[in-house]
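Participant: next come a sequence and a model predicted from it.
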Amino acid sequence: MKKFNIAIVGLGGQGIITMGTVMKDAALSSELQDVSGSERRGGAQREGYVETFVKYIFYENESEMSSPRKNMHSPMIESGGADALISLEPLETLRGARYLNKNSIVIFNQTPYIPISVRMGQTSYPEISFIVSELRKITENIFFYDFDAISIENFNSLTQKNIIALGALFAKTDIPIDITAIENILMEGKGAENNLKAFNLGLKL
Amino acid sequence: MGKSNLFINGTKGDKAIVLGNEAIARGALEAGIGYASMYPGTPASEIIIALDKNKKNVENLYTEFSLNEHISLHGAIGASWSGIRSLCAMKNVGLNVASEPAQFLSYTGVKAGLVLAIGSDPGAPSSSNEQDDRWYSLHTYMPILEPSNIQEAKDFTKDAFEISEEFSFGIVLMAPSRLCHNAGALYFGNLRDRADIKGDFKKDPENYLNLFNMAVRNHTKYLERSELLKKYLIESNFNQIINKSSSRIGFISSGVIYAHLMETLDILGVYDHKILKLGFTFPLPNELIDRFFEGLDKVVIVEEAEGFLEFQIKKIAYELGFKGEIHGKDFFKQTGELTIDDVIIGISKFLEKPLPAYFDFAVKKDKELQNNLPQRSGTFCIGCSHRATFYSILKAVGFSNTEEKERDVVIAGDIGCYTLGLLPPYNAMDFLTCMNAGLGIGQAISIFDKKKKVIALAGDSTFYHSGIPVLLNAVQNNVNILYIILDNSWTAMTGHQKTPSTQKDIDGKPSPNALNLKDLVKSLGVSYVKSLDPNSVKRFASQIKSALKEPGVKVLIAKRECVLQEIRRNKILKKNEAGFSESGESLYEIQKSRCVKCNECFVELACPAIILKKDAEDEADFYYIDPASCVKCGVCYEICPNSAIRKVEFDLKPAFKLSRKNADKGFNAVQVNVNV
């Protein structure tokens, strides 16, 4: 059995759940494939921490797929269990760092959204250099981009940043999913043209 | 992948990725339900949403977002007695409201199958408590099914209707948020022919009338039926013993925690112990447990919360005379969500195995990191009128976020989007428990603490849920209290279900039965009632101030539609009418030269669209309204004491492009009208 675990973190309203849904929908191409992964959605937790997991599972054979000791998968990723972490907010990358191990790949968005505690002057927002150095203590595979800026630059809106980040995931990791599988899902959904363009922008990063 | 089409048309052989909640709904559809209802509540909402949005294309399906859970479960019972298979969904605390019908359901039994799907919320990420509703069944006797994954969520729900009919019980289907909001592969089954779904209520006084000795007789009958169900469950496939070797150690688990357990054993490379997977966690047949105990010295029960299974299994072990050890809550915590991490740590300890190195490193590293991170909490959406309401309340009572003084007005909180007002920077609630506790508890506080004024809050959906009798009680007893109903016309928090206040649907169609809330409140005997736009914060704050001076029950209705719905509708209508949707006709901006960073907008109002930026040249911080997120509610414009915020209106938007790079230079494009 092969697995590929992706944790996606960020804030409510950033399109994290949509990202997870697109990735899971792309997991139906093979018979011996399974997918699991839960979302953490609050009620109206706008600006609150949100995470979603995507766990791709590839069975070696039919008997493995029907074995009760092999075919039940937690909806969560254990600490240190992610092959990749995508974060749409720099500070939240550190909150999601629990899922990292030394081989994990981190892709994060460098536009900060400051929490209320910082707004009120009670704490300070960490510098990007601090975030990177903390991540380096775990893994060397760190990529960060200004997904907000790329989205505004190309779409005059912030709404495409999640799909751009999704493209970056495919560019920077060995994710065992065909790019065309993702493109097919995007083509069937709402705003297909922009989403395909955003995905390809990410692929080129 | 055309999920919605597969959801209603899929047949055996089809496969799709669906949410746990959608899988439950699909299971009910495959079982041929004709009735589905709920009072919306996270994490269960999508169960009924999935059916409701597809009902036009499903023959003989009635769906309802009921006003509360008590009504919703009664509706399901009425449908069942009419011969219609019915599904009722609710969140964990919903069962408190529906506990009365739940209590009677075993007495009367069902006719057509009835399934009660409960979304539990361990860790309470979207609830005001994390109660484990399974304990209810010790006295309601409702059997409990706990699916572990997406496939079981569908299959168990479908089968639950048959079992419900065979043993005449309403069946509880327990789904924690980790299952409700898990997405995974689902293999569909066939749908039942729906043409013959027709109601026919047949009188059955022997079962449906509960009084005096008739109630006692029905009590006896359901205990007997429970014994019959236990017998059936000894051999049923819902409960499985996974046996492999001569190991003398056994694990017992159920639901999502079973999935954590199986993955844990795989991570730890442990494949040789006996496992009991419980699909039905109530009632538990002694014979099944006896069979599992055979050859075991040590058993550990892996479950969430206080240990509902451990409680039952220890009793059975006593009856069986089992001599081995039984563990559970000594290895697994009772509070908060039991995560896969907790299961890995608990099982390693139980088996005396070292933790995997990568896992141990990650857990330690995380502990070290979390201590130094600024906390983050959710807040209102940009443009949400609740933000304006809380700002107005705090201003009216002379309170500022940045001052340390004690607020001397009591603010009674309640359940809804506006609950977020209890978080910083507003800190504008003094207590929060269940639906409509605010006005109920607030009434007595106002009676006994004459020195403090009391303001109680409720959203429109919460008010209609069970607030009307509470308000009537305040009127009847002539209580001194200010009641603010935050009427945003929708049950917004759970995905915008209609309330009696909803005037217009999302596509602009007027609701035929829309209620005038002000008239309703008047008719309850409240003479002091005003309806105001909360976004006019100065006027609103002064109204709150004057209302607080009046005796008796005062009601202010903060009436403004949820901004998300307003924006969505405008987009739909504009697209339909003119074929364009992007806005850009006006924007608000902070003039750097006038802004003295007094923090009125940045900290007191704390709108997330107002952000801190650094000047490219002199590195100085300045406040800036992010045009990409601002929805132009205009509240910051109204409150700025230095008139530093101006409204800039544009002719049309064609060449206009938002760019953060130009932020500090201001927006000079095609400006025609500037209001300062």
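Facilitator: In hand now; what should we look at?

Participant: and the strands in chain A?
Facilitator: A:2-11, A:33-36, A:39-40, A:49-58, A:84-87, A:105-109, A:142-145 (DSSP state E).

Participant: up against chain A, what does the stretch 251-400 of chain B have?
Facilitator: B:256, B:258-260, B:262-267, B:271, B:275, B:277, B:339-341, B:344, B:356, B:358-359, B:361-363, B:365-366, B:369-370, B:373-382, B:384 (CB under 8 Å from any CB of the partner chain). C-betas here are computed from N, CA, C, even on glycine.

Participant: domains of chain B?
Facilitator: B:3-231, B:240-369, B:385-566, B:582-675 (automatic domain parsing).

Participant: which of the ones you listed is buried the deepest?
Facilitator: Burial of those is given as mean neighbour count (mean count of other CB atoms under 10 Å in any protein chain shown); domain B:3-231 ranks first at a mean of 21.

Participant: distance between that one and the chain's centre?
Facilitator: 17 Å (CA atoms, centre = their mean, to the nearest Å).

Participant: spell out which residues of the stretch 401-550 of chain B are next to chain A.
Facilitator: B:401-402, B:417, B:419-420, B:423-425, B:492-494.

Participant: CA atoms of stretch B:111-129 as CSV?
Facilitator: Extracted in CSV, the C-alpha atoms of stretch B:111-129 (Å, rounded to 0.1, in the frame of the first residue of the first chain):
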residue,chain,number,x,y,z
LYS,B,111,-44.4,2.3,11.6
ALA,B,112,-42.1,3.0,8.6
GLY,B,113,-38.4,3.2,9.4
LEU,B,114,-37.1,6.3,11.3
VAL,B,115,-33.5,7.3,11.5
LEU,B,116,-32.2,10.0,13.7
ALA,B,117,-28.8,11.1,12.4
ILE,B,118,-26.8,13.0,15.0
GLY,B,119,-23.7,15.0,14.2
SER,B,120,-21.6,15.1,17.4
ASP,B,121,-18.9,17.6,17.9
PRO,B,122,-16.0,16.3,20.0
GLY,B,123,-13.6,19.2,20.8
ALA,B,124,-16.6,21.5,20.3
PRO,B,125,-15.1,23.4,17.3
SER,B,126,-18.6,24.6,16.4
SER,B,127,-20.7,23.9,19.5
SER,B,128,-21.2,25.1,23.0
ASN,B,129,-20.5,21.7,24.5
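
Participant: so it, near chain A or not?
Facilitator: Yes - using CB under 8 Å from any CB, stretch B:111-129 reaches chain A at B:125-126.

Participant: dump the helix or strand that residue B:311 is a member of to PDB, restricted to CA.
Facilitator: Per DSSP states H and E: residue B:311 is located in helix B:308-320. The C-alpha atoms that make up helix B:308-320 are tabulated as PDB, following Å, rounded to 0.1, in the frame of the first residue of the first chain:
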ATOM      1  CA  PHE B 308     -19.900   4.900  27.000                       C
ATOM      2  CA  LEU B 309     -18.700   1.500  25.800                       C
ATOM      3  CA  GLU B 310     -16.400   1.000  28.800                       C
ATOM      4  CA  PHE B 311     -19.400   1.600  31.100                       C
ATOM      5  CA  GLN B 312     -21.500  -1.000  29.300                       C
ATOM      6  CA  ILE B 313     -18.700  -3.600  28.800                       C
ATOM      7  CA  LYS B 314     -17.500  -3.500  32.400                       C
ATOM      8  CA  LYS B 315     -21.100  -4.300  33.400                       C
ATOM      9  CA  ILE B 316     -21.300  -7.200  31.000                       C
ATOM     10  CA  ALA B 317     -17.800  -8.400  32.100                       C
ATOM     11  CA  TYR B 318     -19.100  -8.600  35.600                       C
ATOM     12  CA  GLU B 319     -22.200 -10.500  34.500                       C
ATOM     13  CA  LEU B 320     -20.000 -12.900  32.500                       C
END
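
Participant: list the helices and strands that helix packs on?
Facilitator: Here helix B:308-320 touches strand B:249-254, strand B:280-282, helix B:286-293, strand B:298-302, strand B:325-327, going by 3 or more CB pairs under 8 Å, 6 or more residues apart in numbering or on different chains; DSSP states H and E.

Participant: angle of it against strand B:249-254?
Facilitator: 130 degrees (axes from the mean of the first three to the mean of the last three CA atoms, to 10 degrees).

Participant: and the closest residue to residue B:57 other than its chain neighbours, what is it in contact with?
Facilitator: Take residue B:57 and drop its neighbours on the chain: the residue closest to it by CB to CB, 6 or more residues apart in numbering or on different chains is residue B:8, 5.5 Å away. By CB atoms under 8 Å, 6 or more residues apart in numbering or on different chains, the contact set of residue B:8 is B:29, B:54, B:57-58.

Participant: out of these, which are inside strands?
Facilitator: Using DSSP E, none of the contacts of residue B:8 sit in strands.

Participant: and the furthest pair within those?
Facilitator: Longest distance between any two of the contacts of residue B:8 is 11.3 Å, between B:29 and B:57; criterion CB to CB.

Participant: ok, back up a step: CA atoms of the helix or strand harbouring the residue nearest to residue B:57 as PDB?
Facilitator: In this assignment (DSSP H and E), residue B:8 forms part of helix B:3-9. The C-alpha coordinates for helix B:3-9 follow below in PDB (Å, rounded to 0.1, in the frame of the first residue of the first chain):
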ATOM      1  CA  LYS B   3     -22.000  14.900  -7.900                       C
ATOM      2  CA  SER B   4     -25.500  16.200  -7.600                       C
ATOM      3  CA  ASN B   5     -26.700  14.200 -10.500                       C
ATOM      4  CA  LEU B   6     -25.000  11.000  -9.200                       C
ATOM      5  CA  PHE B   7     -26.400  11.800  -5.800                       C
ATOM      6  CA  ILE B   8     -30.000  11.400  -7.100                       C
ATOM      7  CA  ASN B   9     -29.400   9.200 -10.100                       C
END
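
Participant: cheers, nothing more for now.
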